[in-house]
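Asker: Structure for the following, please:
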Amino acid sequence: MLGNKILLVDDEESILKSLCRNFEQEGYNVTTASSGEEAVEKIQAHHFDIVVTDLSMPGLDGIAVLVESKKHNPDIGAIILTGYGDTSSAIEALRLVADDYVLKPCDSEELLLRIARILKNKEAFQKVTFYENILPVCMYCNSIRVDKGAVPYSEKWVRMEEYLHNKNGTDVSHTICPQCKDRAVKGKC
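Answerer: Model (predicted):
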């Protein structure tokens, strides 16, 4: 997870410098922006794994930054930094686009733990998505397990020909490739 790219957005220079230093010490690749507008420009030009943004900023606020982030990269992690008076807005941000929120002034260790959790969840989700796209085929009979949309573990196996026909209307004709023909002639099939 180290080396992940973080966009840190805050209009307070001291917070930017402090958090940037802490994130970089943990091995993260950090880019900073001191306004929502600057953040949006950077989001459009670069890939980030997570965006950590102040909620209340002049011009584009943190919610606008997160909305633009999610438009550009729906899988980006998102944390809102907010003052005590902005908690209702932070909760609204969670409903809309944020993965988490942290009250300011924030403990950098707590923030780092939350970033690590979001990145770990993101990695797990990517693995699940990857495995969902693998088509399970029996190595002996070439039947295909069809369980998408079914009750988990209620496996139904169908012949490849049936699967292809049902999936997209493709019909299969049986033939023999040159290599198998040669092996069959030599008695090795």
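Asker: Spatially central residue for the protein, please.
Answerer: residue 75 (3.5 Å; CA atoms, centre = their mean).
Asker: can you pull the contacts of it?
Answerer: Contact analysis of residue 75 by CB atoms under 8 Å, 6 or more residues apart in numbering lists 122, 125, 126. Where you see a C-beta, it was placed from the backbone N, CA and C, and this is true even at glycine.
Asker: Which elements pack onto the biggest helix by length in the chain?
Answerer: Longest helix in the chain by number of residues, with DSSP state H as the criterion: helix 108-132. Judged by 3 or more CB pairs under 8 Å, 6 or more residues apart in numbering; DSSP states H and E, the packing partners of helix 108-132 are helix 13-25, strand 50-54, strand 77-82, strand 100-103.
Asker: Looking at these, which is nearest to residue 36?
Answerer: With CB to CB as the criterion, residue 36 lies closest to strand 50-54 of the helices and strands packed on helix 108-132, at 7.7 Å.
Asker: what is the orientation angle of the longest helix of the chain with strand 77-82?
Answerer: Relative orientation of helix 108-132 versus strand 77-82 (axes from the mean of the first three to the mean of the last three CA atoms, to 10 degrees): 150 degrees.
Asker: Now residue 10: closest residue in space that isn't a chain neighbour?
Answerer: The spatially closest residue to residue 10, leaving aside those adjacent along the chain, is residue 54, at 4.3 Å (CB to CB, 6 or more residues apart in numbering).
Asker: isn't the one you found right next to residue 12, touching?
Answerer: Yes: taking CB atoms under 8 Å as the definition, residue 54 is a contact partner of residue 12 at 7.3 Å.
Asker: Quick check on these two: which one has the bigger neighbour count.
Answerer: A direct count of neighbours by other CB atoms under 10 Å for residue 54 and residue 12 places residue 54 higher, at 25 against 13.
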